[in-house]
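1. generate a structure from the sequence data that follows.
(2 chains, ligands or ions: 3)
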Amino acid sequence: MCAKPKQKNEITGGIAGNKPLRRRILQIGLGALALTALVLGIVFDQHTAVLRKAIYVCLECIGLG
Amino acid sequence: MGAETKSRKPARGPMRLKLHERRRFWGQAGFTLLTNANLGGFFRGKIYQGGLKQVCVPGLNCYSCPGALGSCPLGSWQSLVLDPLVKIPYYVIGFLLGFGLIFGRLICGRLCPFGWFQELLYKIPLPKLKLSRSGKLDRLLRNVKFVLLSFLVLIFPVLAWQELVKSPLFCQYVCPAGTVSGGWPLLLAGADPGLRLMLGWVFSWKTALTILIILLSMIIFRPFCSYVCPLGAWYGLCNKFSLYQLNFTPSACVDCGLCERECPMDIEVRKNLNSVECIRCGRCKAVCPTAALNSNWSGKRHENI
Ligand code: SF4
Ligand code: SF4
Ligand code: SF4
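-> Ligands and ions are numbered 1, 2, ... in the order given. The predicted model follows:
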């Protein structure tokens, strides 16, 4: 059960595979997407929408809704 | 490599593991306190209503908990999708993508209050159950969290935009964090008698589910994280490409098997490093006597096999 793995893919496998470049591109792409989404969210005032919801007791969350 | 070196090396790992676990414990406690610092709220039966609530916290942390200073990303996701003025919650998407991209499930292993809560329950000295030994059942149950994640990301928004659902279904019918840290303390404090008048079958259902998860947490390591939590499922997918990565250097491995033995999630560490199930508790890395397991923040994996 605890045998040493022999192949690269057994260790580094997954959706990004073991291709460093592909993984780096994915990281940069998702980073850019995350920043864009966050900026858009703030531009559209979505943080205040969160605040409006979160300052009242959410009856659904506490099981009374 | 003499016999002396061999006998010295395995002893180092367990000692380092003890120290690591102590540090991790205080890290989890500190972050839970930091993000739930409105302690007076538990006595007053009132939740914090200040501006910090507009910021999401990375872990599962109900915003109706009297102590909570920030907002739970899962609750925020659902409430923004349901908000007719918002519909597409860019803010939460950016937040979850960003945290997932940097940390992956390191948030589960080091920061999430509900993960820590389950770990505390697991410390209660009772016989422990290893569901992973059951093979098929364990694999089947582990998929539940991905089903819930898919539902929340793909189906829930469509139903909400068609106005077929009008409430945050996951919070309402599943999330035990809301019951433990929101429902029970607010009802106990009794500041709002109106809340008690609203008790009904939903509360009974959630209380039963929460008690079941609490009891299971005493004998199974983090059952909610392993089988149910959609947030953990998301961060787990991010393990594959996050900037924080665990690495394995086979040439340094002495095949002692300590890493696999100490992994609380029962991962075949050396075969499946950065698995979606890995909560990045770092136990394997700490116990490894030869530093064959290590980590970096550059998003790179060692491939020197
Ligand atoms: S799986 Fe969910 S509840 Fe468990 S530690 Fe991760 S975010 Fe928290
Ligand atoms: S593989 Fe290592 S870091 Fe991941 S859960 Fe297991 S012991 Fe923790
Ligand atoms: S990687 Fe695992 S088996 Fe290899 S030396 Fe480290 S703890 Fe032992």
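2. near chain A, which residues of the stretch 151-300 of chain B?
-> Proximity of the stretch 151-300 of chain B to chain A, by CB under 8 Å from any CB of the partner chain, involves residues B:167-168, B:171-172, B:175, B:178-179, B:182-183, B:186-187, B:192, B:195, B:198-200, B:202-203, B:205-207, B:237, B:240-241, B:243, B:248, B:250, B:253, B:255, B:257, B:260, B:268, B:270-274, B:299-300. From N, CA and C alone the C-beta is placed, and that goes for glycine too.
3. give me the buried entries from those.
-> Buried residues within those, counting neighbours by 16 or more other CB atoms under 10 Å in any protein chain shown: B:167-168, B:171-172, B:175, B:178-179, B:182-183, B:186-187, B:195, B:202-203, B:206-207, B:237, B:240-241, B:243, B:248, B:253, B:260, B:268, B:270-274, B:299.
4. just the residues you listed: which are in helices?
-> If you go by DSSP state H, these have B:Cys171, B:Gln172, B:Gly178, B:Leu186, B:Leu187, B:Leu195, B:Val202, B:Phe203, B:Lys206, B:Thr207, B:Leu237, B:Glu260 in helices.
5. may I see the buried residues of the longest helix along chain A?
-> Assignment by DSSP H gives helix A:20-43 as the longest helix of chain A. For helix A:20-43, the buried set under the neighbour-count rule, 16+ other CB under 10 Å, comprises A:Arg23, A:Leu26, A:Gln27, A:Leu30, A:Gly31, A:Ala34, A:Ala37, A:Leu38, A:Gly41.
6. check contacts around the most centrally placed residue in chain B.
-> The residue lying closest to the centre of chain B (CA atoms, centre = their mean) is B:Cys108, at 3.6 Å. B:Cys108 is in contact with B:Gly59, B:Gly115, B:Cys225, B:Gly232, B:Tyr235, B:Ile279, B:Arg280, counting by CB atoms under 8 Å, 6 or more residues apart in numbering or on different chains.
7. in helices only, show me those.
-> Filtering the contacts of B:Cys108 for membership in helices, criterion DSSP H, returns B:Gly115, B:Cys225, B:Gly232, B:Tyr235.
8. looking at chain A, which helix or strand is least sure?
-> Counting by mean pLDDT, DSSP states H and E, the weakest-scoring helix or strand in chain A turns out to be helix A:8-12, with a mean of 44.
9. which regions of chain A sit below the pLDDT cut-off?
-> A:1-18 (pLDDT under 70).
10. residues from the stretch 201-305 of chain B in reach of ligand 3?
-> By CB under 6 Å from any ligand atom, the residues of the stretch 201-305 of chain B that approach ligand 3 are B:253-259, B:270, B:287-290, B:292-293.
11. drop anything exposed from those.
-> The neighbour count (16+ other CB under 10 Å) marks B:Cys253, B:Cys256, B:Leu258, B:Cys259, B:Arg270, B:Val287, B:Cys288, B:Pro289, B:Thr290, B:Ala292, B:Leu293 as buried among these.
12. tabulate the residues you listed (CSV), appending pLDDT and secondary structure.
-> Listed next are these as CSV, based on pLDDT from 0 to 100; DSSP: H, G, I helix; E, B strand; the rest coil:
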residue, pLDDT, secondary structure
B:Cys253, 96, coil
B:Cys256, 95, coil
B:Leu258, 95, helix
B:Cys259, 95, helix
B:Arg270, 95, coil
B:Val287, 96, helix
B:Cys288, 95, coil
B:Pro289, 93, coil
B:Thr290, 93, coil
B:Ala292, 95, coil
B:Leu293, 95, strand
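13. so does the stretch of helix or strand B:Leu17 belongs to get close to ligand 3?
-> In this structure, B:Leu17 sits in helix B:3-35 according to DSSP states H and E. No - Helix B:3-35 does not reach ligand 3 (CB under 6 Å from any ligand atom); its nearest approach is 6.5 Å.
14. the very next helix or strand once past that helix near chain A at all?
-> Using DSSP H and E, the helix or strand that follows helix B:3-35 towards the C-terminus is helix B:40-44. No - Helix B:40-44 does not reach chain A (CB under 8 Å from any CB); its nearest approach is 10.8 Å.
15. so which elements touch helix B:40-44?
-> Using 3 or more CB pairs under 8 Å, 6 or more residues apart in numbering or on different chains; DSSP states H and E, the elements in contact with helix B:40-44 are helix B:184-189.
16. which residues of the stretch 101-250 of chain B fall in strands?
-> For the stretch 101-250 of chain B, the strands defined by DSSP state E, counting those that start in this stretch occupy B:245-248.
17. write out the residues of it neighbouring ligand 1.
-> B:Cys108, B:Cys112, B:Phe114, B:Gly115, B:Phe224, B:Cys225, B:Cys229, B:Leu231, B:Gly232.
18. swap the cut-off to 8 Å and go again
-> Residues of the stretch 101-250 of chain B lying close to ligand 1 by CB under 8 Å from any ligand atom are B:105, B:107-109, B:111-116, B:118, B:145, B:177, B:222, B:224-226, B:229-233, B:235-236.
19. narrow the residues you listed to just the buried residues.
-> Neighbour counting over those (16+ other CB under 10 Å) leaves B:105, B:107-109, B:111-116, B:118, B:145, B:177, B:222, B:224-226, B:229-233, B:235-236 as the buried ones.
20. rewinding a little: reformat the ones in helices among the buried ones among the residues of the stretch 151-300 of chain B next to chain A as a markdown table; add distance to ligand 2 and pLDDT.
-> Output for those, formatted as a markdown table (distance: CB to the nearest ligand atom, whole Å; pLDDT from 0 to 100):
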| residue | distance to ligand 2 | pLDDT |
| --- | --- | --- |
| B:Cys171 | 27 | 94 |
| B:Gln172 | 31 | 92 |
| B:Gly178 | 26 | 93 |
| B:Leu186 | 34 | 92 |
| B:Leu187 | 35 | 91 |
| B:Leu195 | 38 | 84 |
| B:Val202 | 34 | 91 |
| B:Phe203 | 34 | 92 |
| B:Lys206 | 29 | 94 |
| B:Thr207 | 30 | 95 |
| B:Leu237 | 15 | 97 |
| B:Glu260 | 8 | 95 |
